[in-house]
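> only geometry, no sequence info:
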């Protein structure tokens, strides 16, 4: 029997306050399910924070602390990509400008 691992899917959410509340609800469910799974002792965590099934070696996912939603305080401290790595941002923009959409 294949074990169903907890998931934390947010790709269907946008930036509305209702979606923010839904993201928080989903994360709390994910964290609760991961905590229960970790408590069973059937999984282990590697040095990088990833969880694996002890019996199969299958990867489960990151630690809930790594995958949690960003807090408003953390978001306020975030910097734009172009500010962090300006050379890469310039390179990406040049590639975007030279690509053409298929007809």
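Everything's here; your move. No experiment lies behind these values; they were computed from the predicted model shown.

> got the contact list for the residue nearest to residue 37 when sequence neighbours are not counted?
Leaving aside its sequence neighbours, residue 37 sits nearest to residue 43 (CB to CB, 6 or more residues apart in numbering; 6.0 Å). Quick note: C-beta positions are derived from backbone N, CA and C, even for glycine. Taking CB atoms under 8 Å, 6 or more residues apart in numbering, we find residue 43 in contact with 37, 51-54, 60.

> please, where are all the strands along this protein?
For the chain, the strands defined by DSSP state E cover 43-45, 50-53, 59-62.

> for the last one, packing partners?
Here strand 59-62 touches strand 50-53, going by 3 or more CB pairs under 8 Å, 6 or more residues apart in numbering; DSSP states H and E.

> scan this protein for its longest helix.
In terms of residue count, the longest helix belonging to the chain (DSSP state H) is helix 17-39.

> now do the buried residues in that helix.
Neighbour counts over helix 17-39 (16 or more other CB atoms under 10 Å) mark 23, 26-27, 30-31, 33-34, 37-38 as buried.
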